[in-house]
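Visitor: Test case, fold it:
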Amino acid sequence: MLFSTVARRLTLSYTLLFGVLSLGAFLLVYVHIAHDLNQQTDDRLRATIRELVKTRAEGGRAGLEEEFSVESTATGKERVFFRLLDPAGRPVITSDLASWKSVLRSPLPLPKSGWRIDRLHAPGHEYPTRIITARLQDGSLLQAGVADDKDEVLESYRETFATVFLLTLVLGGIGAFLIARRAMAGVQEVTAAAARIAAGDLDQPISSGNRGAEIEALAAMFNRMQQRISGLINELKGVINNVAHDLRMPITRMRGVAETTLTRDADRASYRDMAVTVIEESDRLVGQINTILELAEIDAGLKVMTMERVDLARIVNMAVELYQPAAEDRDISLTVRVGRQPFPVTGDRNSLQRLLANLLDNAVKFTPAGGEITVTLRQENGCALLSVADNGPGIPPQDRERIFDRFYRGDASRSISGNGLGLALVRSIAQRHHGTVAVDSDGINGSCFLVRIPL
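Guide: As a prediction, this is how the structure comes out:
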């Protein structure tokens with residue numbers, strides 16, 4: 001539970017990152033300092049041996065003995081020693097070795113030529129000793145030893161780093177917590193907005209600010225979702241009202257016919273007429289409910305559509321042939337213009353037939369006697385472009401944006417039977433086939449519905 005929040009987890013992660021990086025930097029610097037100190041000590045020992053060789057060549061044994069005394073006195077007899085050894089390794093000349101007895105008890109390998117550097121840590125001696133031994137041209141050996149006190153420098157460095165490391169962890173943890181809390185402030189605001197929505201408040205969007213591109217994108221997307229939810233709720237309220245109105249009317253008619261028949265001295269024919277009316281209204285109700293369910297299934301992606309390769313031209317010709325008698329009964333000219341080439345599309349045959357039937361049914365309903373309906377199918381930019389045009393009264397501008405909404409009916413269509421679901425179904429079917437539907441009308445000279453479906 002201590003690290004149950006994202007802010008606390010980020011704080012822990014950043015603190016651990018600071019710690020790991022600090023340790024890495026410490027080790028890198030530590031190794032570099034230790035190497036440099038060793039290199040400096042070795043360079044100083046080599047320079048000392050070269051000076052002693054020069055002193056011996058110029059001053060002989062007496063000069064070398066004097067140089068041993070001067071150097072050990074100047075540096076400190078407990079910090080440095082010098083020896084001249086014969087070829088067998090026996091001392092010939094030495095500086096004061098009182099402080100180095102425990103060190104010199106340990107036998108050292110002698111170089112056959114050149115020089116070698118050894119590091120000894122004798123018991124009872126405060127510091128390790130770094131010893132250089134050089135074989136001279138006459139076979140004798142020059143040896144110099146110095147107290148290797150770099151460990152004292154490194155210890156001081158370790159203590160300093162420990163203090164800085166703890167301070168870095170504390171300050172880094174505090175800074176990481178502040179940064180993480182600030183970074184998560186936008187998420188907390190989105191959470192608070194979600195809580196408001198859960199409580200039923202859909203009218204308070206998240207304000208924009210300087211919280212980072214990711215949080216701002218999340219807030220913008222959340223506001224879009226909030227607007228969408230609000231729109232869907234309003235649309236749902238409208239659908240419920242329309243459904244209640246459209247279902248109430250046929251039920252009211254059925255009840256009125258039944259009540260009228262029962263309250264008068266009706267004969268057999270009156271009961272038969274009442275039954276016919278009830279059946280007709282029931283069929284209308286069932287059809288409307290089935291259309292509502294079909295729309296819901298299509299929009300939710302639950303309706304099973306058998307997608308296969310079909311010829312859209314054949315479907316158009318069959319639909320026009322089916323509606324030809326209805327057009328002739330109303331003295332309407334129904335013309336089809338489809339090329340001879342096939343129009344292959346991937347789609348559900350029954351759904352496409354339903355789409356054509358709804359468009360033609362609307363055209364026949366709203367086209368006056370003596371009018372014309374033209375159905376055209378052509379190819380355009382890799383799509384099959386289907387148009388159903390009529391010369392009826394057209395669609396007013398205020399209705400064109402809403403005619404594809406469920407249950408919407410313009411003023412001109414209220415006197416004609418229908419439920420306002422046909423064009424909504426057309427749009428849903430077109431969208432399930434990755435297509436679009438639009439209407440072109442000036443409100444006076446008829447209307448033209450355009451459906452695009454990818455070939």
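
Visitor: C-alpha only now, for contacts and for neighbours.
Guide: Will do.

Visitor: Helix or strand: which one has the residue in the chain sticking out farthest from the centre?
Guide: Within the chain, the residue lying farthest from the chain centre (C-alpha atoms, centre = their mean) is Ala62, at 84.0 Å. Here Ala62, judged by DSSP states H and E, is contained in helix 6-75.

Visitor: What is that helix packed up against?
Guide: strand 80-85, strand 91-94, strand 129-135, strand 141-147, helix 150-183 (3 or more C-alpha pairs under 8 Å, 6 or more residues apart in numbering; DSSP states H and E).

Visitor: Adjacent strands (with direction) for the fourth one?
Guide: Okay, so that is strand 141-147. Take DSSP bridges as the rule and strand 141-147 pairs in its sheet with strand 80-85 (antiparallel), strand 129-135 (antiparallel).

Visitor: Mean pLDDT, mean neighbour count and distance to Gly382 for these - can I get that in JSON lines?
Guide: Converted to JSON lines, the strands paired with strand 141-147 look like this (pLDDT from 0 to 100; neighbours: other C-alpha atoms under 10 Å; distance: least, C-alpha to C-alpha, whole Å):
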{"stretch": "strand 80-85", "mean pLDDT": "92", "mean neighbour count": "24", "distance to Gly382": "95"}
{"stretch": "strand 129-135", "mean pLDDT": "90", "mean neighbour count": "22", "distance to Gly382": "87"}
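
Visitor: With distance to Ser428 as added columns, please give those in JSON lines.
Guide: Below are the strands paired with strand 141-147 laid out as JSON lines (distance: least, C-alpha to C-alpha, whole Å):
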{"stretch": "strand 80-85", "distance to Ser428": "97"}
{"stretch": "strand 129-135", "distance to Ser428": "90"}
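
Visitor: Can you give the contact residues for stretch 220-231?
Guide: For stretch 220-231, contacts defined as C-alpha atoms under 8 Å, 6 or more residues apart in numbering pick out 190, 197, 202, 205-206, 208.

Visitor: Just the buried ones out of those, please.
Guide: Buried subset of the contacts of stretch 220-231 (neighbour count, 16 or more other C-alpha atoms under 10 Å): 190, 197, 202, 205-206.

Visitor: Farthest-apart pair in those residues, please.
Guide: Using C-alpha to C-alpha, the buried ones among the contacts of stretch 220-231 span at most 13.1 Å, a distance reached by Val190 and Leu202.

Visitor: quick one, phi psi at Ala389?
Guide: When read as degrees, to the nearest 10, the backbone of Ala389 gives phi -110, psi 140.

Visitor: and the closest residue to Trp115 other than its chain neighbours, how far is that from Asn362?
Guide: Nearest residue to Trp115, sequence neighbours excluded (C-alpha to C-alpha, 6 or more residues apart in numbering): Ala134, at 4.1 Å. For Ala134, the distance to Asn362 equals 113 Å [C-alpha to C-alpha, to the nearest Å].

Visitor: Ok, Ser387 next?
Guide: Look at Ser387 and Asn362: by C-alpha to C-alpha, they are 13 Å apart.

Visitor: More neighbours: the two, which one.
Guide: Neighbours were counted for Ser387 and for Asn362 using other C-alpha atoms under 10 Å; Ser387 has more, 21 against 16.

Visitor: That one bridge partners, please.
Guide: Thr376, Leu450.

Visitor: wait, it sits on Val451?
Guide: Yes - the pair Ser387 / Val451 is scored as a contact, 6.4 Å apart, by C-alpha atoms under 8 Å.

Visitor: can you redo the helices and strands packed on helix 6-75 as JSON lines with distance to Glu71?
Guide: JSON lines is the format used below for the helices and strands packed on helix 6-75 (distance: least, C-alpha to C-alpha, whole Å):
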{"stretch": "strand 80-85", "distance to Glu71": "8"}
{"stretch": "strand 91-94", "distance to Glu71": "12"}
{"stretch": "strand 129-135", "distance to Glu71": "16"}
{"stretch": "strand 141-147", "distance to Glu71": "11"}
{"stretch": "helix 150-183", "distance to Glu71": "20"}
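
Visitor: of all these, which lies closest to Leu17?
Guide: helix 150-183 (9.5 Å).

Visitor: Pull out the buried residues from the closest one.
Guide: Those would be 150, 154, 161, 165, 168-169, 172-173, 176-177, 179-181, for helix 150-183 by 16+ other C-alpha under 10 Å.

Visitor: got the angle for it vs helix 6-75?
Guide: 160 degrees (axes from the mean of the first three to the mean of the last three C-alpha atoms, to 10 degrees).

Visitor: so what secondary structure elements neighbour helix 150-183?
Guide: Helices and strands touching helix 150-183, by 3+ C-alpha pairs under 8 Å, 6+ apart, are helix 6-75.

Visitor: Outline the domain layout of this protein.
Guide: 6-154, 213-300, 308-454 (automatic domain parsing).

Visitor: distance between the second one and the chain's centre?
Guide: It stands for domain 213-300. 41 Å (C-alpha atoms, centre = their mean, to the nearest Å).

Visitor: Let me see the mean pLDDT of that domain.
Guide: The average of the pLDDT scores along domain 213-300 is 76.

Visitor: Stretch 396-412 too?
Guide: The model assigns stretch 396-412 a mean pLDDT of 73.

Visitor: go on, stretch 144-154?
Guide: Stretch 144-154 shows a mean pLDDT of 83.

Visitor: and it, how far apart are its ends?
Guide: Start-to-end, stretch 144-154 (C-alpha to C-alpha) is 23 Å.

Visitor: follow-up on the earlier one: go through the strands paired with strand 141-147 and name the closest to Ser69.
Guide: strand 80-85 (8.8 Å).

Visitor: quick one on the thing from earlier: I'd like the domains of the chain as TSV, with distance to Gly186 appended.
Guide: Written out in TSV, the entries for these read as follows (distance: least, C-alpha to C-alpha, whole Å):
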stretch	distance to Gly186
domain 6-154	12
domain 213-300	6
domain 308-454	36
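
Visitor: what's the most buried one of those?
Guide: domain 308-454 (a mean of 18; mean count of other C-alpha atoms under 10 Å).
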